[in-house]
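> Model the following, please.
(2 chains)
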Amino acid sequence: MPNQLFTPLGTAVVAAGVWAVAGLLVLRARARAFGSRQPFAAAAGDPAAGIRYAFTGAMSPGAKESVREHLPSYGLGLAFHGGIFTAFALLALSLAGFELPRSLWLGARALLALGAMGGLGLLLKRLLKAELRGLSRPDDFVSNLLATAFVALALVSPGQAWLLSAILLLFYAPLGKIRHCLFFFMARSHFGAFFGRRGVFPPGGSHVH
Amino acid sequence: MSTELEQKLDTLTDADYARGLEVFRGGLKEAEASYLNACVRCGLCAGGCHYHRTEPELENVPGRKLDHIASVFKAHFTTMGRLAPGLVGAKRFDRDMARAWVDAVFGRCTLCGRCSMNCTIGIPLPALFRAARRALGAMGLVPEDLQATVENSLQHGNNMAIEREEWVETVEWMEEELQADTGDPEARIPLDKQGARCLFTVNPREAKFFPLSLQASAKVFWAAGEDWTLASDGGWDLTNYALFTCEDDQAAAIVKNLTDAMTRLGCQVLVIGECGHGYQSARWMGPEWLKQRFPFPVVSILELMDGYLNEGRIHVDSARNQEPVTLHDPCNLVRHGGISEPQRRVLRRAVANLVEMAPHGVENYCCGGGGGQLAMSRYRNRRLAAGKKKADQIRATGAKVVAAPCHNCIDQLSELNKEYQLKVQIKTVAELVAAALIVPTHSEVLP
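From the prediction side, this is the model:
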């Protein structure tokens, strides 16, 4: 695969990536500017253990009713995000001019195919379920379409159209709900620390005064 | 729509909206700002809410309630909300949005936090709804009857405006009953005992309507030989409805009654009776409201009873509670308080047949009485409808007794009992323990 880093589109992808990272850093700084809260109440548990649990067990079907009751959506979400991460990995390799080993290519294609189906499935769900449609904003559809197109093009046409889709996706990332690629981690850390402190996470932990 | 609310909305000026926004903004820290940026509107939180479970409509989806708050946040505090409001769903804070906020955060939410556990991202929605309630309070939009409960606490030291004389008489009456029940003329319900180890606090409903709850707790303390006291004046009421109006200055003033009583009486441990929001208020929020670390531990009576049983200070015979018992998990005590196991360990010893609800513990459903709902008459019908999920859970256990370690929950469960013909008795954990107590002889009761 030729090195695309110094082609006009390749350079534009890198510029869009810089824009995305910078935009997300600005959003992070703005959130931090709200200030932090120093708790006075004595902890009953360990905030760090709560954070670890929030990113692991608390997201599992065993601990989360919304996952248990919506396993198809959970599966579509996992597939979609797996496809996005795979497409970004391929994008990085492509820009750097590295060829994916043939032994990995089949797996990557499978992940991309599943990812594209996941994105499409979630889009259809959002369109077809009245309640979810009512909850949705144009941002939800734009975000899904950009990410799904990026994954699908990585699979079927990893050329200029794909690079263009990457530019659009990266440009939009800090502007719409794709910003959750940052805020998911920030929010879930606070969530885990809150319940960890109170001895609620992880379950079965000791509650001290 | 409530006439009272519409009349208040009619009087709002631009300055009121500006003040509401200022208070809302002031209640947000990095955590809340992160949550407001994080929702992906997946809708998977819907089933986590008992309102949506019983009435599946869009306005009952927690994500929708959050969206009302997030829309205003975006419009006033984000760049994209100003540049492309239609794209990201940003809306200015106006009369319609104020009405939507009131309906969402007071009318369709008990702040139970079950949606948080089921959120894809992990957004503790009650934290944001509290910020919204606080802002609405600054605009005079807290439902009047809820605010009146807070005013009672501020003016009378308890939320039912019980006068000191009436409280003292009730305690003395219960002391006589305790002596008759135990056969111990020395059994005491101490008032204002200087230097007692534990200061015990109760819900005023115990004084007014459920004195047997107080007597049951006193019997357990007597059997354990606990060194305890009640306060005769400010500092006996554990409730704090400002937790629900979210006006922190008022909440601080109310919780200060407890810390002042601890100082005045020189007690070492603040014991919170069976009350979910009272526990969260004193144990978790109190230090934040007063901006100080308490120099004493705050414990639930459930933890004390668990300790008494473990240490052999009291003994129970589960055969004395033969009927099947199920346990209700108050959200403020369990999901927000971290007290989940002590009451279970106690009941496994004190009753013959404990049947858990499905789900239970941190995954429990709110009974529908939380978040101040019991004090907001305009939402009564919704509250009872939303409680059907809990009623169905109770019925499915086949239990004849519901143990509910919270007097607010007991009120709601009592209404559900009638509304849904559950035919159950509703008791506190202490009442079940007291019924199962193997009463010690006088000499066995420690001083």
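
> which residues does the residue minimising distance to the centre of chain A contact?
The residue lying closest to the centre of chain A (Cα atoms, centre = their mean) is A:C181, at 4.4 Å. Counting by Cβ atoms under 8 Å, 6 or more residues apart in numbering or on different chains, A:C181 touches A:24, A:173. Bear in mind the C-beta positions are built from the backbone N, C-alpha and C, glycine included.

> Would you mind measuring from it to chain B?
According to Cβ to the nearest Cβ, to the nearest Å, A:C181 stands 10 Å off from chain B.

> How about the secondary structure of that residue?
helix (DSSP: H, G, I helix; E, B strand; the rest coil).

> Run a quick neighbour tally on B:W173.
14 (other Cβ atoms under 10 Å in any protein chain shown).

> quick one, what contacts residue 90?
Defaulting to chain A. A:L90 touches A:100, A:108, A:112, A:154, A:158, counting by Cβ under 8 Å, 6+ apart.

> could you do chain B instead?
Contacts of B:A90 (Cβ under 8 Å, 6+ apart): B:71-72, B:74-75, B:78, B:80-82, B:84.

> Can I have the buried ones of these as a PyMOL selection?
Entered in PyMOL, the line below selects the buried ones among those, by 16 or more other Cβ atoms under 10 Å in any protein chain shown:
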select buried, chain B and resi 71+72+74+75+78+80+81+84
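
> ok, which of the contacts of B:A90 also contact chain A?
B:80, B:84 (Cβ under 8 Å from any Cβ of the partner chain).

> Where helices are concerned, which of the contacts of B:A90 count?
The helices, defined by DSSP state H, take in B:71-72, B:74-75, B:80-82 from those.

> any idea which of those residues is closest to chain A?
B:M80 (5.6 Å; Cβ to the nearest Cβ).

> isn't that closest one right next to A:Y172, touching?
No: B:M80 lies out of contact with A:Y172 (Cβ atoms under 8 Å); the separation is 10.5 Å.

> Might you report the residue contacts of the residue nearest the centre of chain B?
Residue closest to the average C-alpha location in chain B (Cα atoms, centre = their mean): B:H277, at 2.3 Å. Going by Cβ under 8 Å, 6+ apart, B:H277 touches B:239-241, B:243-244, B:330, B:332, B:370, B:406, B:408.

> And B:N240, by the same measure?
Contacts of B:N240 by Cβ under 8 Å, 6+ apart are B:153, B:251, B:254-255, B:277-278, B:281-282, B:285.

> tell me which of these is nearest to chain A?
For the contacts of B:N240, the nearest to chain A is B:M285 (7.6 Å; Cβ to the nearest Cβ).

> and that closest one, that's in a strand?
No: applying three-state DSSP, one finds B:M285 to be helix, outside a strand.

> Now it: closest residue in space that isn't a chain neighbour?
B:L243 (6.3 Å; Cβ to Cβ, 6 or more residues apart in numbering or on different chains).

> Surely that neighbour touches B:S281?
Yes: between B:L243 and B:S281 there is a contact at 4.9 Å, judged by Cβ under 8 Å.

> okay, and the common contacts of the two?
B:A251.

> thinking again about what came up before, identify the farthest-apart pair in the ones in helices among the contacts of B:A90.
Within those, two members stand farthest from each other by Cβ to Cβ: B:V72 and B:M80, at 14.0 Å.

> Tell me the pLDDT of residue 127.
In the absence of a named chain, chain A is used. Looking at A:L127, its pLDDT is 98.

> should've been chain B
pLDDT recorded at B:A127 is 97.

> who's in contact with it?
Contacts for B:A127 were tallied using Cβ under 8 Å, 6+ apart; they are B:31-32, B:35.

> Most neighbours among these, which one?
Using other Cβ under 10 Å as the neighbour test, the contacts of B:A127 are led by B:Y35, with 31 neighbours.

> Counting neighbours, what do you get for the nearest residue to it once chain neighbours are set aside?
Take B:Y35 and drop its neighbours on the chain: the residue closest to it by Cβ to Cβ, 6+ apart is B:I123, 4.5 Å away. If you count neighbours by other Cβ under 10 Å, B:I123 ends up with 31.

> coming back round to it: considering the contacts of B:A90, which is situated nearest to B:R99?
Nearest member of the contacts of B:A90 to B:R99, counting by Cβ to Cβ, is B:V72, at 12.4 Å.

> what separates that closest one from B:W101, distance-wise?
8 Å (Cβ to Cβ, to the nearest Å).

> now do A:A20
Applying Cβ to Cβ, the value for A:A20 to B:W101 is 33 Å.

> Compare these two and say which is more crowded by neighbours.
Using other Cβ under 10 Å as the criterion, A:A20 and B:W101 rank with B:W101 on top: 26 against 22.

> Mind pulling the model confidence for that one?
98.

> One more: B:V439?
86.

> Kindly tell me how buried it is, as a neighbour count.
16.

> isn't it right next to B:T182, touching?
Yes: counting by Cβ under 8 Å, B:V439 does reach B:T182; the two are 6.1 Å apart.

> who touches residue 89 in this structure?
Because you didn't say which chain, this covers chain A. A:A108.

> meant chain B actually
Contacts of B:G89 (Cβ under 8 Å, 6+ apart): A:137-139, B:67, B:70-71, B:74.

> Give me the domain ranges for chain B.
B:3-141, B:153-309, B:315-436 (automatic domain parsing).

> got TSV for those, with distance to A:S60 too?
TSV is the format used below for the domains of chain B (distance: least, Cβ to Cβ, whole Å):
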stretch	distance to A:S60
domain B:3-141	12
domain B:153-309	27
domain B:315-436	13
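
> What are the boundaries of the strands in chain B?
Assignment of strands within chain B using DSSP state E yields the ranges B:198-201, B:228-229, B:269-272, B:298-300, B:325-327, B:401-403, B:425-427.

> any idea how far B:P211 is from B:A350?
B:A350 is 21 Å from B:P211, by Cβ to Cβ.

> does any part of stretch A:17-33 sit near chain B?
Yes: counting by Cβ under 8 Å from any Cβ, chain B has neighbours in stretch A:17-33: A:27, A:30-32.

> Now do the contacts for the closest residue to A:G121 other than its chain neighbours.
Leaving aside its sequence neighbours, A:G121 sits nearest to A:L76 (Cβ to Cβ, 6+ apart; 4.3 Å). By Cβ under 8 Å, 6+ apart, A:L76 lies in contact with A:117-118, A:121-122, A:125.
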